[in-house]
Structures are given as C-alpha cells and as structure tokens.
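In: next one to model:
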Amino acid sequence: MKTQTVEDRFWSKVDIGGSEDCWNWTGAIDTAGYGAFAIRHGKKINSHRMAYIIVVGDIPNEMYVCHMCDNRSCCNPNHLFLGTARDNNLDMRSKGRWVNGLKRNPSLAARGSKNGGHKLTERDVIDIRRRLSNGDKQKEIASEYGVCRDTIYHISIGKYWSWLK
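Out: Down below sits the predicted model:
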C-alpha cells in the first residue's frame, strides 16, 4: 500500500473549485476558525499557510499569509498574499473587520456563511429550525449536517444564529 504524500493528504481535505472561487478547508478547524493541518507527530499548521507553502514556497519570518477573500477556511493560492502584521491590520481595518470598529458597527461582523469557521449555511439553519418545529430529533439532524447535537440545541434555543430570522 502506497503512503500518501503530505501534499496529497493536504489537498484531499480541500474543496477545490474554480480558480476564482474559495477553496474551503474540509478538515479540522481551530478555535479561531482557521483550518488546522497536522504535518507530523502533533505539529500543526494553519491550512492557508500550508497551501501557500505547497504552491509558492517558504514563508519568510515575521510574515503573515493573508486572505484577499477574508474567508479563514479558504486555501485557494489565488486568494492568498504575504504581508506584515501591519499590512494585515490595515487590510482588516479597511474591510471593517477591526474589533473596535465592529463595536461601532456590528453589521460588519463576519457572521453565518461569511465566517470562515462556518459549517452551516443560512439555508441549512432555516431548514434545521423547520425540522425542529416539525419534531425531528436533534441527534438525527446533527448527524445529517455533520455537526454535534449541541450545535443543533443551541440553534433551537436561539443562542447560535440568533440574528437569522
């Protein structure tokens, strides 16, 4: 049995679309909403950084791999660029993603499917709510959508996706 290369294993966890589309990471997501790829023996790297390394090459010290698309799970090399911490902060502010800016204008927050860490879409949540109101079991719904039962529970009580009417 042939062992998969690191690159093959990596790309098998990416939903590759057209050259201009976001290529979403389908593997594990870290607490900040970025894809988490295990290189070896517990060493992990953000998926967008790994995509950059595979396609472009090494990332110089002190440099960030930034997203033009603002989708944290995107691994499309066409959407990635190198920048300093300052570049990343300026990009974030110019797009209205700065935390203090969000306090003044919460409508700019990346919510729902615009959030890089999302697993559900707005349409999914509307369907989940409909199914819950029809008496479908939370465990069955969770299994079908690939999320844990707690996620469905929190949708049902309005803790998650409360802004979606």
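In: where does Leu90 land on pLDDT?
Out: Each residue has a pLDDT score; the one for Leu90 is 87.
In: host element of it?
Out: Mapping Leu90 onto the secondary structure by DSSP states H and E places it in helix 85-94.
In: so which elements touch that helix?
Out: On a contact count with 3 or more C-beta pairs under 8 Å, 6 or more residues apart in numbering; DSSP states H and E, helix 85-94 meets strand 64-67. Where you see a C-beta, it was placed from the backbone N, CA and C, and this is true even at glycine.
In: gap between the strand it packs on and the chain center?
Out: In terms of C-alpha atoms, centre = their mean, to the nearest Å, the centre of strand 64-67 is set 14 Å apart from its chain centre.
In: just the CA atoms of it, as CSV, please.
Out: Taking only C-alpha atoms (Å, rounded to 0.1, in the frame of the first residue of the first chain), the coordinates of strand 64-67 have been written out as CSV:
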residue,chain,number,x,y,z
TYR,A,64,1.6,36.6,7.5
VAL,A,65,-0.3,34.8,4.9
CYS,A,66,-3.4,37.0,4.4
HIS,A,67,-6.7,36.3,2.7
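In: where exactly do the strands run in this protein?
Out: 14-15, 24-25, 36-40, 43-46, 64-67, 80-83 (DSSP state E).
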